[in-house]
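Engineer: Coordinates for the following, if possible.
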Amino acid sequence: RGVVAVGRNEAGLDVFENSVGMRFVRIPAGEYRRGNDDGEEDERPAHTVSLTRPFLLGETPVTQAQYEAVMGTNACRFRGPLLPVENVSWSGALLFVRSLGRREGTLFGLPTEAEWEYACRAGTQTRWFWGDDPLLADAHAWVADNSGGRTHGVKEKRPNAWGLHDMIGNVGEWCADWYDEGEYGRCLPALIDPEGPSAGANRVVRGGSWRSL
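Structural biologist: All right, here's what the predicted structure looks like:
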């Protein structure tokens, strides 16, 4: 699994770059519809999610060069400085963002699932941020049909409307939340800054990977 870092935006910055070359993009406060209004069986019933605070999200998954600069190690299956880091556990991802925070003297973390999905959608309500047609994925994501069975360098595909690359495909990305399987079948009220359940067996992974879609 890969890592994307989130930073709090107390300074109101639109773009921020840290000492290891990670660029963060300002994501505005707002709301989106999560789930499916058509009620398909494999989708959770639709409800509104509101995020009341802007935040900074890494414009790409963390690269191996960036990860090595902070952690001094690399356990990736596919090797290359511009390839996204993978083969990292959730606890390893958390250790990375905490180590990054100590190095930079600021607060970094993993995005909540709501922050991740809101940022990925970038104001859209289509199935994917580029639309509803999976045949258009090639221009935007490394997936099973075009990846050749491996990861690829970040920023080689088109970003979403907010300038975020590789939100779909390439590597799955850890979120802060515990996974709650039951949530996908429940009708939920509007949620404000949700952080997921307080406990669980597994953590949330979003975005698919080079072998999905």
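Engineer: quick one: Val70 is in a helix?
Structural biologist: Yes - counting by DSSP: H, G, I helix; E, B strand; the rest coil, Val70 is found in a helix.
Engineer: and the gap between it and Gly35?
Structural biologist: Distance, Val70 to Gly35, using C-beta to C-beta, to the nearest Å: 36 Å. For every residue, glycine as well, the C-beta is placed using N, CA and C.
Engineer: Over to Gly123?
Structural biologist: 17 Å.
Engineer: Look at these two and report which has more neighbours.
Structural biologist: Gly35 (19 against 12; other C-beta atoms under 10 Å).
Engineer: Now do the helices in the chain.
Structural biologist: 64-71, 90-104, 113-121 (DSSP state H).
Engineer: Could you check the angle the first one makes with helix 90-104?
Structural biologist: Meaning helix 64-71. Angle between the axes of helix 64-71 and helix 90-104 is 70 degrees (criterion: axes from the mean of the first three to the mean of the last three C-alpha atoms, to 10 degrees).
Engineer: residues touching Met22, list them.
Structural biologist: 5, 58, 62, 66, 100 (C-beta atoms under 8 Å, 6 or more residues apart in numbering).
Engineer: Surely the fourth one and Glu17 touch.
Structural biologist: Read it as Gln66. No - judged on C-beta atoms under 8 Å, Gln66 makes no contact with Glu17 at a distance of 11.1 Å.
Engineer: Neighbour count: these two, which is higher?
Structural biologist: Per other C-beta under 10 Å, whichever of Gln66 and Glu17 has more neighbours is Gln66, with 26 against 11.
Engineer: Quick one: residues contacting that one.
Structural biologist: By C-beta under 8 Å, 6+ apart, the contact set of Gln66 is 20-22, 85.
Engineer: Pull out the buried members of those.
Structural biologist: Neighbour-count burial (16 or more other C-beta atoms under 10 Å) applied to the contacts of Gln66 gives 20, 22, 85.
Engineer: give me the number of residues near Arg33?
Structural biologist: 12.
Engineer: what's the spacing between it and Ala46?
Structural biologist: Using C-beta to C-beta, we find Arg33 at a distance of 5 Å from Ala46.
Engineer: same check, this time on Lys155
Structural biologist: Taking C-beta to C-beta, one finds Lys155 at 32 Å from Ala46.
Engineer: Next: Glu104.
Structural biologist: 38 Å.
Engineer: Spit out the contact partners of Ser212.
Structural biologist: 143-144, 169, 172.
Engineer: swap the cut-off to 6 Å and go again
Structural biologist: Val143 (C-beta atoms under 6 Å, 6 or more residues apart in numbering).
Engineer: returning to what we had before: just flag the most distant two among the contacts of Gln66.
Structural biologist: Largest separation among the contacts of Gln66 by C-beta to C-beta: Gly21 and Val85, giving 13.4 Å.
Engineer: For Phe78, give me the pLDDT.
Structural biologist: At Phe78, the pLDDT value in this model is 97.
Engineer: Pretty sure it sits against Gly148.
Structural biologist: No - look at Phe78 against Gly148 with C-beta atoms under 6 Å: they stay out of range, at 10.8 Å.
Engineer: So those two - more neighbours on which side?
Structural biologist: Neighbour comparison, Phe78 and Gly148: the larger count goes to Phe78, with 15 against 10 (by other C-beta under 10 Å).
Engineer: Show me the strands in the protein, by range?
Structural biologist: Applying DSSP state E to the chain gives strands spanning 6-8, 15-17, 23-27, 30-34, 47-51, 55-58, 108-109, 173-178, 191-192, 203-206.
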